[in-house]
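A.B. asks: Could you work out the structure for the sequence below:
(one chain, ligands or ions: 2)
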Amino acid sequence: MKPKVIIYKKVEPSVLEYVQEACEVVYFEQLHADNMQAFYEELKEAKGLLGTGLKVNDELLEKAPNLQIVSNVGVGYDNLDVPALTRHGVMATNTPNVLNETVADTMIGLMLATARRIPELDHMIKSGNWTSHITPEYYGVDMHHKTLGIIGMGRIGAAIAKRAHFGFGMNILYHNRSRNEEVEKTYQATYCSLEELCQEADFICLMVPLSAETTKLIGEKEFRLMKKSAIFVNGSRGATVDEEALVSALQEGEILAAGLDVFVQEPVDPKHPLLSMPNVVTLPHIGSATWETRQAMVQFAAENFVQGILGNRPPALINPEVLESEK
Ligand SMILES: NC(=O)C1=CN([C@@H]2O[C@H](COP(=O)(O)OP(=O)(O)OC[C@H]3O[C@@H](n4cnc5c(N)ncnc54)[C@H](OP(=O)(O)O)[C@@H]3O)[C@@H](O)[C@H]2O)C=CC1
Ligand SMILES: O=CC(=O)O
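C.D. replies: Residues are numbered from 1 along each chain as shown. Ligands and ions are numbered 1, 2, ... in the order given. Modelled structure (predicted):
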């Protein structure tokens, strides 16, 4: 008998068929209040769980005594309580690398859109307000040859640095807990403290994973350090920024503008003050949202999943301790 697993996200038929070769799949295209009870019922027997964003913690794991693997479709896994998964002997996997280039494209697009005020001016034309030659009040600022500070110079950060260095001739600063010699050599990036980066950069791009350490990593103090002309973009998770401090920094003119792909609460409340600011460009968490990349991510998640279900080591295993404790 094939092991029972749950997929709780809409996937391509080819991916479903690939998983079905090894598993009996219970398929929920999406989880919502009306099917949660049915989901919990299936969870009692499920050996695997594949999807995006579900909070997996002790409470959920107690409802899933047979679980072997949780396969996250996405690289960030702040929705997973990894120590709890490890305690319960459940493997956790994610989808690194396949989305680096696409997310980097999105972040460069967001920086340009913010600096050149693209959505604001698009709206001006479409609402019938382009009535004369553009006056200085509509000018943007250059991105090329400015200084870009990347906080979180990992896989995606490096793909952003590549574009910024070779494409825009930008000077790159970065901050991590540890140095990344590869980006220093390849993109002439300079390592610095968070404070130095905030003070020196014209564009500040946040790309860290969300953790206890990075929650509200950027707040009042950091915004105060930034240049009044700074453009801040966040592609990590909403909670890495103190949103109230960001609103104040924009209202007080401590920074020039912001580009946001992520919010503390998603979907963001339409009445959120950030949404009524013309100098804030917003996106609905679309960093990796292209057909090609989303397919690659789901395929990767399915490969992790099937390998784990078959008792093999999945290629992107987050908690290898689970396998070590089985030896
Ligand atoms: N908007 C979107 O659609 C997407 C968002 N993301 C987000 O981007 C994140 C990064 O992805 P990826 O590049 O693959 O991850 P990586 O792990 O490759 O890079 C993360 C970087 O952050 C640094 N970092 C971690 N903790 C801290 C800290 N406390 N202070 C300073 N730097 C820190 C790490 O360096 P070190 O360990 O040396 O500190 C590392 O260089 C994901 O976790 C996800 O949240 C990802 C994909 C799409
Ligand atoms: O936010 C998306 C991810 O892959 O992480």
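A.B. asks: residues from the stretch 151-300 of the chain in reach of ligand 1?
C.D. replies: Applying Cβ under 6 Å from any ligand atom, we find that the stretch 151-300 of the chain lies next to ligand 1 at 152-157, 175-178, 207-210, 213-214, 235-237, 261-262, 285, 287-288. Where you see a C-beta, it was placed from the backbone N, CA and C, and this is true even at glycine.
A.B. asks: Show me these that map onto helices.
C.D. replies: Assigned to helices by DSSP state H, the following of these qualify: Arg155, Ile156, Gly157.
A.B. asks: that older thread, and ligand 2, which of the residues of the stretch 151-300 of the chain next to ligand 1 reach it?
C.D. replies: Contacts with ligand 2 within those, counted by Cβ under 6 Å from any ligand atom: Gly287, Ser288.
A.B. asks: now the ones in helices among the residues of the stretch 151-300 of the chain next to ligand 1 in JSON lines, with pLDDT and neighbour count?
C.D. replies: Formatted as JSON lines, those follow (pLDDT from 0 to 100; neighbours: other Cβ atoms under 10 Å):
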{"residue": "Arg155", "pLDDT": "98", "neighbour count": "15"}
{"residue": "Ile156", "pLDDT": "98", "neighbour count": "28"}
{"residue": "Gly157", "pLDDT": "98", "neighbour count": "29"}
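A.B. asks: can stretch 101-110 be found next to ligand 2?
C.D. replies: No: on the criterion Cβ under 6 Å from any ligand atom, stretch 101-110 is out of touch with ligand 2, staying 7.6 Å away.
A.B. asks: Spit out the contact partners of Gly287.
C.D. replies: The contact partners of Gly287, by Cβ atoms under 8 Å, 6 or more residues apart in numbering, come to Leu99, Thr102, Val103, Thr106, Met107, Gly235, Asp261.
A.B. asks: Can you name the residue of the stretch 101-250 of the chain nearest to ligand 1?
C.D. replies: The minimum distance from the stretch 101-250 of the chain to ligand 1, using Cβ to the nearest ligand atom, falls at Gly154 (1.7 Å).
A.B. asks: measure that residue to Glu101 for me?
C.D. replies: 14 Å (Cβ to Cβ, to the nearest Å).
A.B. asks: Retrieve the pLDDT associated with the residue most central in space within the chain.
C.D. replies: In the chain, the centroid-proximal residue (Cα atoms, centre = their mean) is Ser236; its distance is 4.4 Å. Note on Ser236: pLDDT of 98.
A.B. asks: surely it meets Ser211?
C.D. replies: No: counting by Cβ atoms under 8 Å, Ser236 sits too far from Ser211 to count as a contact (10.4 Å).
A.B. asks: Where do the helices of this structure begin and end?
C.D. replies: For the chain, applying DSSP H gives helices covering 13-20, 36-43, 58-62, 82-87, 100-115, 118-126, 155-162, 168, 181-186, 194-200, 220-225, 243-251, 291-309, 321-326.
A.B. asks: of all the ones you listed, which gets the most neighbours per residue?
C.D. replies: Neighbour counts (mean count of other Cβ atoms under 10 Å) averaged over each of the helices of the chain peak at helix 155-162, with a mean of 24.
A.B. asks: could you give the angle of that one to helix 100-115?
C.D. replies: Angle, helix 155-162 to helix 100-115, by axes from the mean of the first three to the mean of the last three Cα atoms, to 10 degrees: 60 degrees.
A.B. asks: That'll do, ta.
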